[in-house]
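In: Structure for this input, please:
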Amino acid sequence: MKTDDGVIIFVETTGIRTAPREVLTRLAKGEDVSPSKYYMRTSAKMEVESGSKYDWINKSVIIST
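Out: Here you go, the predicted model:
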C-alpha cells in the first residue's frame, strides 16, 4: 500500500476462517452473520523502508479476530 505521504508499505497477510457450510454461504452472500457463528483469525506482517517515520511497522505483527 502507499501512504498519503508517498511511503510504500509491503503487506503480507495470512489467516483462517471456518464455519458450517450454511454460515459460509451466508458470509459469501454478504449477509450479516454473528461472529459467534464462525472462527476467524488473521495476522499481518508489514515492511517499510528502514529509517522512515513508519519504521515501527517493521517490528510489529498485527493479529485480528
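
In: make it CA atoms for all contacts and neighbour counts henceforth
Out: OK.

In: contact partners of the worst-scoring helix or strand of the chain on mean pLDDT?
Out: Using mean pLDDT, DSSP states H and E, strand 61-64 stands out as the lowest-scoring helix or strand of the chain, at a mean of 90. With C-alpha atoms under 8 Å, 6 or more residues apart in numbering as the test, strand 61-64 has contacts from 41-46.

In: per-residue confidence for the residue of the chain positioned farthest from its centre?
Out: Most distant from the centre of the chain: residue 51, at 24.3 Å, with distances by C-alpha atoms, centre = their mean. Looking at residue 51, its pLDDT stands at 88.

In: ok so, going back, selecting buried members of the contacts of strand 61-64 in ChimeraX, what would you type?
Out: In ChimeraX, this line selects whichever of the contacts of strand 61-64 come out buried by 16 or more other C-alpha atoms under 10 Å:
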select :45,46
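
In: All the strands of this structure, in order from the start?
Out: With DSSP state E applied, the chain shows strands at 9-18, 39-48, 61-64, listed in chain order.

In: Turn the contacts of strand 61-64 into TSV, including pLDDT.
Out: Output for the contacts of strand 61-64, formatted as TSV (pLDDT from 0 to 100):
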residue	pLDDT
41	95
42	95
43	94
44	92
45	92
46	93
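
In: which one of the contacts of strand 61-64 sits closest to residue 23?
Out: Using C-alpha to C-alpha, residue 41 is the member of the contacts of strand 61-64 that lies nearest residue 23, at 16.3 Å.

In: which residues does that closest one contact?
Out: Taking C-alpha under 8 Å, 6+ apart, one finds 15-17, 63-65 in contact with residue 41.

In: Now that we have those, which of them are buried?
Out: Not one of the contacts of residue 41 meets the buried threshold, by 16+ other C-alpha under 10 Å.

In: Could you give the backbone dihedrals for the residue farthest from the centre of the chain?
Out: When read as degrees, to the nearest 10, the backbone of residue 51 gives phi 100, psi -10.

In: Near residue 62, how many residues? Count them for me, please.
Out: The tally of other residues near residue 62 (other C-alpha atoms under 10 Å) stands at 11.
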